[in-house]
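S.K.: Have a look at this prediction, sequence included:
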Amino acid sequence: LVWGAGAMGGTIGGVLVKEGWPVVFVDRAQEHVQAMNDRGLQINGPISEFRVAVRAARPEDLQGSFATIFLCVKAHHTREALAQLEPHLAQDGAIVSIQNGLCELEIAEAVGSERTVGAFVNFGADYLEPGVIHWGGRGAVVAGELDGHTSPRVQDIHELLRLFEPEALLSFNIFGYLWGKEVVAVADARGVSLEGFDGFEPDAFHGAAPDERAEASLDELVAFNRRSAKTHSGIWRDLVVRKRPTEVDAQLGAVVRLAREVGVATPLTERLVLQIHEIEQGMREHGWSNLEELT
């Protein structure tokens with residue numbers, strides 16, 4: 001089951017269907033569900049172009065139980081989605097978080113860590129219109145059990161993800177990847193050993209001020225992302241294109257909350273969160289001046 005058939009869920013699920021796997025998609029957007037059922041799911045972009053016939057349903061219309069559920073909704077919709085999907089999770093099944101942020105913590109709290117599998121994704125994709133997803137670029141894909149052990153189920157999930165991304169990794173330290181997308185100082189204070197990906201070298205960002213290694217890592221990240229046909233982040237698209245609330249509270253806001261628990265100050269991150277909220281509310285314009293203010 002793929003819960004959330006947008007950029008990430010639509011792309012991964014579409015590839016799995018193309019590879020012959022039986023996949024059911026769930027999405028709350030009626031027009032997207034209708035288009036998928038009527039015309040199939042179309043994947044466009046430089047990585048691959050194809051259309052596959054799929055089965056899709058709205059949450060209230062879904063029937064049956066599933067051993068593996070890929071949860072692919074925006075981070076701030078996690079709690080709502082969990083309440084809807086939990087009745088469809090098999091007793092011995094698992095939810096795999098294909099999301100940005102630290103959603104695994106929230107999922108484990110709701111359904112138990114024994115029914116939660118971590119995943120890290122950094123590929124580029126966008127929802128374009130009902131039934132159509134743009135796959136813009138490849139990126140790191142990692143799966144792992146939350147406690148670091150290797151299990152038959154996480155090995156199976158890893159093999160599934162390798163159908164989508166042949167270089168997908170199976171990690172003993174999935175939180176090292178998840179925190180790598182967040183704030184180094186907070187991760188350090190919480191005892192998380194960070195993992196690098198796609199040009200990000202965590203060791204370069206330790207210390208009070210960036211040095212040449214940090215600049216080199218940022219250059220590598222820039223070079224990596226410029227190879228993708230996805231040109232803007234999900235938060236940017238939510239603000240500018242889709243005109244809807246972003247997942248900033250579930251991503252960066254979560255870092256701020258966890259930082260407070262260990263006494264780490266995060267003034268830059270807090271100001272960034274505030275700026276994004278002000279843009280959401282029409283109280284702030286987009287522009288380079290926002291970056292200057294953060295500096």
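M.R.: Structure's in. What do you need?

S.K.: Show the end-to-end separation of stretch 121-132, please.
M.R.: One end of stretch 121-132 sits 20 Å from the other (C-alpha to C-alpha, to the nearest Å).

S.K.: Likewise for stretch 222-236?
M.R.: First-to-last residue span, stretch 222-236, C-alpha to C-alpha: 17 Å.

S.K.: gap between residue 76 and residue 196?
M.R.: For residue 76, the distance to residue 196 (C-beta to C-beta, to the nearest Å) stands at 27 Å. Heads up, the C-betas are built off the backbone N, CA and C, glycines and all.

S.K.: go on, residue 42?
M.R.: 34 Å.

S.K.: more crowded one of those two?
M.R.: Taking other C-beta atoms under 10 Å, residue 42 and residue 196 do not tie; residue 42 has more neighbours (19 against 16).

S.K.: Would you double-check that the more buried one falls in a strand?
M.R.: Yes. Assigned with DSSP: H, G, I helix; E, B strand; the rest coil, residue 42 falls within a strand.

S.K.: Show me what it is bridged to.
M.R.: residue 51, residue 132 (DSSP bridges).

S.K.: Secondary structure class of residue 229, three-state.
M.R.: Assignment for residue 229 (three-state DSSP): coil.

S.K.: Is it in contact with residue 126, as I believe?
M.R.: No. Here residue 229 lies out of contact with residue 126, judged by C-beta atoms under 8 Å, at a distance of 9.1 Å.

S.K.: list residues touching both of these two?
M.R.: 134, 136 (C-beta atoms under 8 Å, 6 or more residues apart in numbering).

S.K.: Comparing those two, which residue is more hemmed in?
M.R.: When residue 229 and residue 126 are compared for neighbours, residue 126 comes out ahead with 23 against 15, by other C-beta under 10 Å.

S.K.: list the contacts for the more buried one?
M.R.: 7, 133-134, 136, 230, 237.

S.K.: Now with 6 Å, please.
M.R.: Contacts of residue 126 were listed using C-beta atoms under 6 Å, 6 or more residues apart in numbering, and they are 7, 134, 230.

S.K.: Nearest to residue 72, out of those: which one, please.
M.R.: residue 7 (8.3 Å; C-beta to C-beta).

S.K.: excluding its backbone neighbours, what's nearest the closest one?
M.R.: Once flanking residues are discounted, residue 7 sits nearest to residue 125: 4.0 Å by C-beta to C-beta, 6 or more residues apart in numbering.

S.K.: The one you found should be in a helix, yeah?
M.R.: No. If the criterion is three-state DSSP, then residue 125 is strand and not within a helix.

S.K.: Okay, helices next: where are they in the stretch 1-150 of the chain?
M.R.: Here the stretch 1-150 of the chain has its helices, by DSSP state H, counting those that start in this stretch, at 7-18, 30-39, 78-85, 103-111.

S.K.: Those: which one's closest to residue 204?
M.R.: Taking the helices of the stretch 1-150 of the chain one by one with C-beta to C-beta, helix 103-111 is closest: 25.5 Å.

S.K.: buried set for that closest one?
M.R.: 103-108, 110-111 (16 or more other C-beta atoms under 10 Å).

S.K.: average model confidence for stretch 109-116?
M.R.: For stretch 109-116, the mean pLDDT works out to 96.

S.K.: Over to stretch 272-291?
M.R.: 95.

S.K.: now do the same end-to-end measure for it.
M.R.: OK, stretch 272-291 end separation, C-alpha to C-alpha: 9 Å.

S.K.: Give me the neighbour count for residue 80.
M.R.: 12.

S.K.: mind listing what the residue nearest to residue 26 when sequence neighbours are not counted touches?
M.R.: For residue 26, ignoring the flanking residues on the chain, the nearest one in space by C-beta to C-beta, 6+ apart is residue 3 at 4.7 Å. Shown in contact with residue 3 (C-beta under 6 Å, 6+ apart): 26, 69, 71, 81, 85.

S.K.: With distance to residue 35 as new columns, can the buried residues of helix 103-111 be given to me in TSV?
M.R.: TSV is the format used below for these (distance: C-beta to C-beta, whole Å):
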residue	distance to residue 35
103	27
104	31
105	34
106	30
107	29
108	34
110	30
111	30
